[in-house]
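Q: Predicted structure and sequence below. I'll ask about it afterward.
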Amino acid sequence: MFENQQRDDVEALMKADAEFRRLYQHHQELDSKVHDAEIGVLPIDDMTLSGMKKEKLHAKERLQRMWDSRAHRIN
């Protein structure tokens, strides 16, 4: 996530905004769990995996809105 953004910019926003930091870390956690489930390392049922993917997507969408809002305030 935010692969196209400067790492320094993402880190600066994480330092400045506790909600962004918490949500970013939560998204990273979900990403890792989803990956582990997909490769068979984390044994979970399909319903749980589907729920995790939806939660991860919602977190990503919220993070993007927060990022976009920040960009508009700077410009």
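A: Perfect, I can see it now.

Q: Can you tell me the number of residues neighbouring Glu11?
A: 12 (other C-beta atoms under 10 Å). Where C-beta positions appear, they are placed from N, C-alpha and C, glycine not excepted.

Q: How about the one 10 residues further on?
A: Under the neighbour criterion other C-beta under 10 Å, Arg21 is assigned a count of 14.

Q: Can you show me the helices along this protein?
A: 7-16, 18-38, 46-74 (DSSP state H).

Q: Of those, which stretch is the most buried?
A: helix 18-38 (a mean of 15; mean count of other C-beta atoms under 10 Å).

Q: got the helices of the chain as JSON lines, with mean pLDDT columns?
A: Shown next, in JSON lines, are these (pLDDT from 0 to 100):
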{"stretch": "helix 7-16", "mean pLDDT": "89"}
{"stretch": "helix 18-38", "mean pLDDT": "96"}
{"stretch": "helix 46-74", "mean pLDDT": "91"}
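
Q: just how off-centre is stretch 23-33 within its chain?
A: 5 Å (C-alpha atoms, centre = their mean, to the nearest Å).

Q: With only the CA atoms kept, save it in PDB.
A: The C-alpha trace of stretch 23-33 is given here as PDB (Å, rounded to 0.1, in the frame of the first residue of the first chain):
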ATOM      1  CA  LEU A  23      -5.300   2.000  10.600                       C
ATOM      2  CA  TYR A  24      -2.100   1.500   8.500                       C
ATOM      3  CA  GLN A  25      -0.700  -1.000  11.100                       C
ATOM      4  CA  HIS A  26      -4.100  -2.800  11.200                       C
ATOM      5  CA  HIS A  27      -4.100  -3.000   7.400                       C
ATOM      6  CA  GLN A  28      -0.500  -4.400   7.400                       C
ATOM      7  CA  GLU A  29      -1.600  -7.000  10.000                       C
ATOM      8  CA  LEU A  30      -4.600  -8.100   7.900                       C
ATOM      9  CA  ASP A  31      -2.400  -8.200   4.800                       C
ATOM     10  CA  SER A  32       0.000 -10.600   6.500                       C
ATOM     11  CA  LYS A  33      -2.800 -12.800   7.900                       C
END
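
Q: In this structure, which residue is most central in space?
A: His27 (3.1 Å; C-alpha atoms, centre = their mean).

Q: thought it was touching Lys56?
A: Yes. Using C-beta atoms under 8 Å, His27 is in contact with Lys56, at 6.1 Å.
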